[in-house]
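>>> With the sequence up front, the predicted model follows.
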Amino acid sequence: MDENIPKLDIPKDCIAGNDITGEILKLYGRFPCKIKAGLFVFCLQGTIHATINLGVYDIKRYDFISLPPGCFIQIHEVSKDTRLCFVAFSSLFINTVNYIKFIKTYLPAILDNPVMPLSESVALLYQETFNLLVNASSVSQVYENKEILKSIFTIFLQGTIELYKNSIPYKNTSMT
(Lines give C-alpha, C1' and ligand atoms only; values in the text may rest on other atoms or scores of the structure.)
Protein backbone atom coordinates (compact mmCIF):
# COMPACT_ATOMS: atom_id res chain seq x y z
CA MET A 1 0.00 0.00 0.00
CA ASP A 2 2.87 2.40 0.81
CA GLU A 3 4.10 2.08 -2.78
CA ASN A 4 0.91 3.77 -4.02
CA ILE A 5 1.36 6.90 -1.90
CA PRO A 6 3.25 9.73 -3.62
CA LYS A 7 6.51 10.59 -1.85
CA LEU A 8 7.98 14.08 -1.58
CA ASP A 9 11.76 14.36 -1.68
CA ILE A 10 14.11 16.89 -3.22
CA PRO A 11 16.83 16.29 -5.83
CA LYS A 12 19.52 18.38 -4.05
CA ASP A 13 20.87 18.16 -0.49
CA CYS A 14 19.10 21.38 0.49
CA ILE A 15 16.78 23.94 -1.02
CA ALA A 16 15.18 27.04 0.44
CA GLY A 17 12.41 29.32 -0.76
CA ASN A 18 10.64 32.37 0.57
CA ASP A 19 7.72 32.88 -1.80
CA ILE A 20 5.64 29.71 -2.00
CA THR A 21 2.10 30.77 -2.90
CA GLY A 22 -1.32 29.28 -2.40
CA GLU A 23 -1.46 28.41 -6.11
CA ILE A 24 1.64 26.22 -5.80
CA LEU A 25 0.26 24.51 -2.67
CA LYS A 26 -3.01 23.68 -4.41
CA LEU A 27 -1.05 21.33 -6.68
CA TYR A 28 -0.40 19.12 -3.63
CA GLY A 29 -4.04 19.03 -2.53
CA ARG A 30 -5.31 16.20 -4.67
CA PHE A 31 -3.86 13.35 -2.64
CA PRO A 32 -1.98 12.57 0.58
CA CYS A 33 1.78 12.62 0.32
CA LYS A 34 4.55 10.98 2.35
CA ILE A 35 7.43 13.31 3.20
CA LYS A 36 10.83 11.70 2.60
CA ALA A 37 12.75 14.95 2.97
CA GLY A 38 12.97 16.96 6.18
CA LEU A 39 11.00 20.19 5.91
CA PHE A 40 10.83 23.32 8.01
CA VAL A 41 8.07 25.67 6.87
CA PHE A 42 7.05 29.13 8.05
CA CYS A 43 3.71 30.77 7.16
CA LEU A 44 4.12 34.45 6.27
CA GLN A 45 0.46 35.08 5.51
CA GLY A 46 -2.80 33.40 4.61
CA THR A 47 -4.33 30.17 5.87
CA ILE A 48 -3.98 26.50 5.04
CA HIS A 49 -6.29 23.71 6.12
CA ALA A 50 -4.28 20.47 6.09
CA THR A 51 -3.98 17.01 7.55
CA ILE A 52 -0.56 16.13 8.96
CA ASN A 53 -0.09 12.61 10.33
CA LEU A 54 -3.88 12.18 10.67
CA GLY A 55 -4.23 15.42 12.67
CA VAL A 56 -6.20 18.28 11.11
CA TYR A 57 -4.61 21.73 11.33
CA ASP A 58 -5.51 25.28 10.38
CA ILE A 59 -2.15 26.86 9.63
CA LYS A 60 -2.02 30.65 9.79
CA ARG A 61 0.37 33.60 9.83
CA TYR A 62 3.47 33.08 12.00
CA ASP A 63 2.99 29.32 12.32
CA PHE A 64 6.15 27.20 12.09
CA ILE A 65 5.70 23.67 10.74
CA SER A 66 8.21 20.87 11.35
CA LEU A 67 7.92 17.86 9.05
CA PRO A 68 10.52 15.18 9.74
CA PRO A 69 10.98 12.36 7.23
CA GLY A 70 8.15 9.85 7.32
CA CYS A 71 5.35 12.36 7.92
CA PHE A 72 2.17 12.32 5.88
CA ILE A 73 0.49 15.50 4.67
CA GLN A 74 -2.54 16.42 2.62
CA ILE A 75 -3.53 19.99 1.87
CA HIS A 76 -7.30 20.54 1.76
CA GLU A 77 -7.77 24.30 1.41
CA VAL A 78 -5.46 27.23 0.81
CA SER A 79 -6.33 30.92 0.86
CA LYS A 80 -5.34 32.92 -2.21
CA ASP A 81 -3.06 35.20 -0.18
CA THR A 82 -0.98 32.35 1.31
CA ARG A 83 2.80 32.77 1.29
CA LEU A 84 5.30 30.39 2.86
CA CYS A 85 9.03 30.19 3.46
CA PHE A 86 10.72 26.81 3.68
CA VAL A 87 13.96 24.94 3.88
CA ALA A 88 14.10 21.29 2.86
CA PHE A 89 16.84 18.71 3.33
CA SER A 90 16.83 15.64 1.09
CA SER A 91 16.40 12.15 2.47
CA LEU A 92 19.89 11.27 1.19
CA PHE A 93 21.42 14.20 3.07
CA ILE A 94 19.45 13.48 6.26
CA ASN A 95 20.68 9.88 6.19
CA THR A 96 24.23 11.24 6.54
CA VAL A 97 23.30 13.09 9.75
CA ASN A 98 22.22 11.23 12.88
CA TYR A 99 19.30 13.56 13.51
CA ILE A 100 17.26 11.02 15.51
CA LYS A 101 19.96 10.90 18.19
CA PHE A 102 19.96 14.70 18.29
CA ILE A 103 16.19 15.19 18.43
CA LYS A 104 14.90 11.93 19.94
CA THR A 105 13.74 13.48 23.21
CA TYR A 106 11.42 15.92 21.41
CA LEU A 107 10.49 13.85 18.36
CA PRO A 108 7.20 12.60 19.91
CA ALA A 109 6.18 16.22 20.66
CA ILE A 110 7.10 17.31 17.13
CA LEU A 111 5.16 14.44 15.56
CA ASP A 112 2.14 15.11 17.80
CA ASN A 113 2.30 18.92 17.32
CA PRO A 114 3.89 19.69 13.94
CA VAL A 115 2.41 23.21 13.84
CA MET A 116 3.87 25.67 16.34
CA PRO A 117 2.53 29.25 16.58
CA LEU A 118 5.29 31.83 17.05
CA SER A 119 5.19 35.22 18.71
CA GLU A 120 5.69 38.13 16.35
CA SER A 121 9.24 38.82 17.55
CA VAL A 122 10.33 35.19 17.09
CA ALA A 123 8.45 34.97 13.78
CA LEU A 124 10.37 37.95 12.40
CA LEU A 125 13.67 36.25 13.31
CA TYR A 126 12.59 33.09 11.47
CA GLN A 127 11.54 35.15 8.46
CA GLU A 128 15.00 36.77 8.35
CA THR A 129 16.62 33.34 8.68
CA PHE A 130 14.67 31.93 5.73
CA ASN A 131 15.51 35.03 3.66
CA LEU A 132 19.19 34.59 4.50
CA LEU A 133 19.09 30.95 3.36
CA VAL A 134 17.41 31.91 0.09
CA ASN A 135 20.04 34.60 -0.52
CA ALA A 136 22.83 32.15 0.38
CA SER A 137 21.60 29.74 -2.28
CA SER A 138 22.93 32.14 -4.92
CA VAL A 139 26.44 31.48 -3.59
CA SER A 140 27.12 27.99 -4.91
CA GLN A 141 29.80 27.16 -2.31
CA VAL A 142 27.27 27.38 0.53
CA TYR A 143 24.93 24.66 -0.69
CA GLU A 144 27.71 22.47 -2.10
CA ASN A 145 29.62 22.33 1.21
CA LYS A 146 28.27 19.39 3.26
CA GLU A 147 29.68 20.78 6.53
CA ILE A 148 27.87 24.10 6.06
CA LEU A 149 24.65 22.23 5.26
CA LYS A 150 25.08 20.07 8.37
CA SER A 151 25.47 23.26 10.41
CA ILE A 152 22.34 24.80 8.88
CA PHE A 153 20.41 21.58 9.54
CA THR A 154 21.68 21.49 13.14
CA ILE A 155 20.64 25.12 13.68
CA PHE A 156 17.11 24.32 12.48
CA LEU A 157 16.95 21.20 14.66
CA GLN A 158 18.21 23.07 17.72
CA GLY A 159 15.85 25.97 17.05
CA THR A 160 12.94 23.56 16.72
CA ILE A 161 13.89 21.82 19.96
CA GLU A 162 13.99 25.19 21.76
CA LEU A 163 10.54 26.09 20.41
CA TYR A 164 9.11 22.83 21.73
CA LYS A 165 11.05 23.00 24.98
CA ASN A 166 9.54 26.42 25.72
CA SER A 167 6.01 25.67 24.50
CA ILE A 168 5.05 22.07 25.17
CA PRO A 169 5.37 20.35 28.55
CA TYR A 170 8.13 17.76 28.40
CA LYS A 171 7.06 14.15 28.68
CA ASN A 172 9.83 11.61 29.03
CA THR A 173 8.46 9.01 26.67
CA SER A 174 10.60 6.33 25.17
CA MET A 175 10.38 5.80 21.46
CA THR A 176 10.40 2.38 19.89
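Thanks, I have the structure now.
>>> buried stuff in the host helix or strand of E128?
Element membership of E128 [criterion: DSSP states H and E] is helix 120-136. Using 16 or more other Cβ atoms under 10 Å as the test for burial, helix 120-136 gives 122-123, 126-127, 129-130, 133-134. (C-beta placed from N, C-alpha, C; glycine too.)
>>> can you give me the helices for the chain?
Using DSSP state H, the helices of the chain run over residues 22-26, 91-94, 99-103, 107-112, 120-136, 140-144, 146-167.
>>> Those helices: which one's closest to C71?
Each of these has some distance to C71 by Cβ to Cβ; the shortest is helix 107-112, at 7.4 Å.
>>> beta partners for the most centrally placed residue in the chain?
Centroid-nearest residue in the chain: F40, 2.1 Å away (criterion: Cα atoms, centre = their mean). On the basis of DSSP bridges, F40 is bridged to S66, V87.
>>> likewise the one 5 residues further on?
Judged by DSSP bridges, the bridge partners of Q45 are R83.
>>> picking up where we left off before, and of the helices of the chain, who's closest to I52?
Between I52 and the helices of the chain, the tightest spacing by Cβ to Cβ is seen for helix 107-112, at 9.2 Å.
>>> mind listing what's buried in the closest one?
Under 16+ other Cβ under 10 Å, the buried positions of helix 107-112 are 107-111.
>>> Among the residues you listed, which one sits closest to I15?
Checking the buried residues of helix 107-112 one by one against I15 (Cβ to Cβ), the nearest turns out to be I110, at 21.0 Å.
>>> Which pLDDT does the model give the closest one?
For I110, the model assigns a pLDDT of 87.
>>> Spit out the contact partners of the residue lying closest to it once chain neighbours are set aside.
Nearest non-adjacent residue to I110, counting by Cβ to Cβ, 6 or more residues apart in numbering: S66, 5.1 Å away. S66 sits next to 39-40, 110, 114, 116, 160 when contact means Cβ atoms under 8 Å, 6 or more residues apart in numbering.
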